[in-house]
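Q: sequence unknown, structure follows:
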């Protein structure tokens, strides 16, 4: 690798980016499909970089909690893989869908097997697998507990107002669950399965916490991050490959193109990026583009990847 | 990076893999949609690794020519980007299609704009761009000339029997061309445009030549490979991102998952993999799986990526 | 019209057909998607013709009750039109769907508005309209009450075993309901709406009762049948047009082609045909073809239409 | 039938309608996809009724020629059925498509077999059948000759300016032809097949001529119209059933609903309606609705069917 910044230089870079983002005019629109998410100020911007060792480097609103939404799909996937191993892939595919994140069309053509675990129906099957296989006491809290452990912060919790909002508006996800049940790919009660899914989507975390909680994906068996997640380097690689292929909804290809790193975004405005062998980067700003990805978070990640020379390509 | 093999060790690895592949029983099926491709023996296997500097390392049938087929889409894309720059993306997308390589459905829903340049309609638009923008004398031979230059071998040529076979059976591709013309996304005569496309698909090259011809994508501005292609490091990165997202047809996600490198496959049985900062790897065996990717070439690339620790994840 | 049979001649025709059908070997397969429907003997065959005046003419098992299933969609539509008038068409279309009866794909492309009231999602919207607009006491029984009134038989009832079977296996219909609710086209609770829908599908009636209950569609403002249904000749015509276009699932065109009359079939094996200005014909046999229409009932209707010269074409 | 108007009364009705249509303000838009069709004045309106016997009754511009466009698909179908009989249905279906008239999506899902002969790909297969089976001299003129014979007017001819316009803009139809050829459902050269198709679409006829040329479909083996077409009453019935199901593009159900008769429309603004046992009705006005059916012709047919009590429902 041609050059590598030290911690001080990275900190300067993050401060510079956060400063510049504060002045950006085109900030996108907050998600409007969940009423509770629509109340957040567009002015927020936070960023955190977690190298493989040591504490994360922070700038802007990096310590403010936000709704992690679809980023939770990564944690859910790891929990489910831990419970059932590679048999998970019999029920969820590993390919980009080519359709919007909540499309039901692909499900019909492919008999209820979602294309990948990062679109809604795939994450709902993952929730079903967790509920069917976790020990009783852990069922509903498994993903939250995992986030707390990874981020080393027992205070992380579900935002109950967001959760209530998800429950109140989640009919499309319920349709997906009933549809997959009709095709034999959901075993539990769809109401309980979608509740589990809504709950994990409603977890609130900060950039700082998310960076700590995802750097195990970059560890390749090394660094202080390694081991805590209980995930083998090989499994981490495979999750990274999947994030690269389909972590950012429909335009995952465009994101791979711009950032050059495996990423996972959420409609709360957060995006996680994994730089294998280097560390994790998390940016957050609530304004989304028309595909559901945060405008400023994506812009910031593109710049960080370029300046740190962390693109895998 | 944890370890790195020297040239002798890489050569041993390739010899070992080639030896093992000779004994493989499950070799897939040769492509049957082009009669001329169906005549090739399933027994072939070749592999070549081209580090950023020096000659390539070879094993098995690495010097035997085969039909590069869709691998030519990478060369066509580079030629067209060189001619028209980023305006190319107004006419071709950069996302996985989620549909088979020759599907016309996506084209209808998206008004004649192909999802990416590595599916047939995308490559046909690329051919149209080349024909509309190259100087007269170079139009039909632009991609072939580029391959000769990159591989430093003026003997590389079009397999006329394969070309005749493509012309004789290419009605689906002609349908795609007329359809896109109706939507305003093909400017030239569809017969000429598809002829250009068939011609580039029919170029015959060996693993050795292909490895030399693609290592510029791994160069990141360094090594003897750099410069020859006239492609900036940034453009090479972007092409790599696209190969990662959609280089191997429908199961590109699965390939990213298994190999961990940007790859481009062809129904002639070849697959090119790019390891950014390290070099290129090309494997070839004519037997395909049901998605159109070579069974043994994919297996060999997976192993090389693992043993050389070249996965980007 | 070139000729017209009298009641005695029609009776002879029906007896002859019923006799011949008893010996048919190719009888199709009983519906297997609802366990309770799978227990019925393939040997049944019944037929009834109800001219505009007088009692119906019967043959075979014309007095045996069977599950009317999708035939109930006609009665549901009439009840809903009576409640809300032509505003119904703001929420349900009037076109053939070109897709199987329970497809969710069309719903996604057309934002939750079903193509017509004779496919499952359309009938579910109709149930929602009835529940939202009928007086409290009549909500759940409105369709059953209407059938009793039309057939002049208060004994007609819901087959509770079939209903329980529908409830136990109805996840795909629940998916449709939740999906349409997400798009704003279902107002009530999806569980209650689908229960209403399952209940009307589970009504059991005989050929004789169904012929009496549907001949108002043929009345054109005349005959003893007229008036009882409270449906204007114009509305009856429009329902007939819809049955012609989409009354027999996917192959409605083929049925129009063969029978030449507006028809509505159900997976219980019954098919209702309306001969405008002449009367109604109902045939029943539990064995279905691969499209879900009764093999022998369709055959019998084709013959009756031909022999009575009742085809509208 | 409750009442029947005599010739004088029908003439008065047509005069009244033509008079009223002259004052209509909302006349739709002329077809713009073929440049040559866009030059026609929106002010035209013609109507003709041809009872089973005697000359047709005319009003407005009933003697002005216009481009029959898709109405020609009925004549092409009859010619092809005469040549190859029911084997035609092995290559073309008999169901509504649920998709726009020139959609290629359905073709892909159903392996190159068009849903019916009244959508473009279906009519192109019909042209292929005619070219493969007609005697040499008649190939290109078979449909035109048939129109001349039916209308008893040897002056009927192809509008060469419209034909040239079709040829110049027909790439989508060429795409359909190449696509079906790739699937084995076109045998001839796609350029010749589409030329045949464009030629039949470009035939120019008046309401008067079209009414004479289509009343054989209403004859049921009687009247002076019968016999001339060489079509059995049974075949005529089947064509009528098909026109009812899919004669007016996407909204065929809505047209069946409003007019109550088998109809076939063309983007030249003409619509033919067949009243079995009574006669034919043809109306023409160049302004189309957004589905491609003439606004005023449809309105006029609706009124004629109502006033003559000719609806089959």
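A: Okay, I see it. Only a predicted model underlies this, so the values are computations on that prediction, with no experimental measurement involved.
Q: SS state for residue A:10?
A: helix (DSSP: H, G, I helix; E, B strand; the rest coil).
Q: Count the neighbours of it for me.
A: Counted with other C-beta atoms under 10 Å in any protein chain shown, the neighbours of residue A:10 add up to 20. Any C-beta I mention is one placed from the backbone N, CA and C, and that applies to glycine too.
Q: Could I get the pLDDT score of it?
A: With respect to pLDDT, residue A:10 scores 97.
Q: where's it relative to residue A:210, distance?
A: Look at residue A:10 and residue A:210: by C-beta to C-beta, to the nearest Å, they are 17 Å apart.
Q: Centre of the chain to stretch A:82-94, how far?
A: In terms of C-alpha atoms, centre = their mean, to the nearest Å, the gap separating the centre of stretch A:82-94 from the centre of its chain is 18 Å.
Q: Oops, could you answer that again for stretch A:140-159 instead?
A: So, by C-alpha atoms, centre = their mean, the centroid of stretch A:140-159 is 14 Å from its chain's centroid.
Q: What residues of it count as buried?
A: By 16 or more other C-beta atoms under 10 Å in any protein chain shown, the buried positions in stretch A:140-159 come out as A:140, A:142-148, A:150-151, A:153, A:156, A:158-159.
Q: Stretch A:7-21 too?
A: For stretch A:7-21, burial by neighbour count (16+ other C-beta under 10 Å) applies to A:10, A:13, A:14, A:17, A:18, A:21.
Q: Need the contact partners of that stretch.
A: When contacts are defined by C-beta atoms under 8 Å, 6 or more residues apart in numbering or on different chains, stretch A:7-21 is touched by residues A:5, A:45-49, A:51, A:54, A:57-60, A:285, A:296, A:299-300, A:303-304, A:307-308.
Q: returning to that earlier point: including secondary structure, could the buried residues of stretch A:7-21 go into JSON lines?
A: Below are these laid out as JSON lines (three-state DSSP):
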{"residue": "A:10", "secondary structure": "helix"}
{"residue": "A:13", "secondary structure": "helix"}
{"residue": "A:14", "secondary structure": "helix"}
{"residue": "A:17", "secondary structure": "helix"}
{"residue": "A:18", "secondary structure": "helix"}
{"residue": "A:21", "secondary structure": "helix"}
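Q: closest to chain D among those?
A: residue A:21 (42.9 Å; C-beta to the nearest C-beta).
Q: distance of that closest one from residue A:42?
A: Residue A:21 is 11 Å from residue A:42, where distance means C-beta to C-beta.
Q: what residues are shared contacts of these two?
A: With C-beta under 8 Å, 6+ apart, residue A:21 and residue A:42 have common neighbours residue A:285.
Q: excluding its backbone neighbours, what's nearest the residue of the stretch 101-250 of chain A at minimum distance from chain D?
A: In the stretch 101-250 of chain A, the residue that lies nearest chain D is residue A:109 (9.3 Å; C-beta to the nearest C-beta). Nearest residue to residue A:109, sequence neighbours excluded (C-beta to C-beta, 6 or more residues apart in numbering or on different chains): residue C:105, at 7.7 Å.
Q: And the helices in chain A?
A: Applying DSSP state H to chain A gives helices spanning A:7-22, A:72-84, A:105-109, A:120-133, A:142-151, A:160-169, A:171-182, A:190-201, A:207-214, A:233-246, A:252-259, A:295-307.
Q: Which stretch among those helices is buried most, on average?
A: helix A:207-214 (a mean of 29; mean count of other C-beta atoms under 10 Å in any protein chain shown).
Q: returning to that earlier point: and of the buried residues of stretch A:7-21, the nearest to chain C?
A: Out of those, the member with the shortest distance to chain C (by C-beta to the nearest C-beta) is residue A:21, at 34.1 Å.
Q: Any stretches of the stretch 1-150 of chain A with poor pLDDT?
A: Where the stretch 1-150 of chain A drops to pLDDT under 70, the residues are A:1-3, A:98-102.
Q: what residues does the stretch 101-250 of chain A put near chain C?
A: A:103-105, A:107-109, A:171-172, A:174-179, A:181-182, A:190 (C-beta under 8 Å from any C-beta of the partner chain).
Q: how long is stretch A:61-70 end to end?
A: 20 Å (C-alpha to C-alpha, to the nearest Å).
Q: so what's residue A:145 up against?
A: Counting by C-beta under 8 Å, 6+ apart, residue A:145 touches residue A:138.
Q: Tell me how far it lies from residue A:123.
A: 18 Å.
Q: for residue A:193, same thing?
A: 10 Å.
Q: again with residue A:86
A: For residue A:86 relative to residue A:123 (C-beta to C-beta), the value is 18 Å.
Q: ditto for residue A:207
A: Using C-beta to C-beta, residue A:207 is found at 22 Å from residue A:123.
Q: same thing with residue A:140?
A: Taken as C-beta to C-beta, the span from residue A:140 to residue A:123 is 15 Å.
Q: One more: residue A:139?
A: 16 Å.
Q: quick one: terminal-to-terminal distance for stretch A:20-31?
A: One end of stretch A:20-31 to the other measures 23 Å (C-alpha to C-alpha).
Q: May I see the buried residues of that stretch?
A: A:21, A:24, A:27, A:28, A:30, A:31.
Q: quick check: domain ranges of chain A?
A: By the assignment in automatic domain parsing, chain A contains the domains A:7-69+A:204-307, A:70-201.
Q: What is the burial count for the nearest residue to residue A:224 once chain neighbours are set aside?
A: With sequence-adjacent residues excluded and distances taken as C-beta to C-beta, 6+ apart, residue A:224 is closest to residue A:53, at 4.9 Å. Other residues lying near residue A:53 total 13 when counted by other C-beta under 10 Å.
Q: From chain C, how far out is residue A:53?
A: Applying C-beta to the nearest C-beta, to the nearest Å, the value for residue A:53 to chain C is 46 Å.
Q: Pretty sure that residue sits against residue A:223.
A: Yes. In this structure, residue A:53 is within contact of residue A:223 by C-beta atoms under 8 Å, at 5.1 Å.
Q: which of the buried residues of stretch A:20-31 lies closest to chain C?
A: residue A:31 (15.6 Å).
Q: That closest one: what's it in contact with?
A: Contacts of residue A:31 by C-beta under 8 Å, 6+ apart are A:37, A:38, A:267, A:268, A:269, A:286, A:288, A:292.
Q: again with residue A:307
A: For residue A:307, the contact set (C-beta under 8 Å, 6+ apart) comprises A:5, A:13.
Q: do the one 4 residues further on as well
A: Remark: with contacts taken as C-beta under 8 Å, 6+ apart, residue A:311 is in contact with A:259, A:260, A:261, A:305, B:237.
Q: repeat for residue A:263
A: In this structure, residue A:263 makes contact with A:243, A:244, A:247, A:248, A:252, A:255, A:256, A:271, A:272, A:273, A:274, A:301, judged by C-beta under 8 Å, 6+ apart.
Q: Any residue of stretch A:274-287 touching chain B?
A: Yes. Interface with chain B: stretch A:274-287 contributes A:276, A:277 (C-beta under 8 Å from any C-beta).
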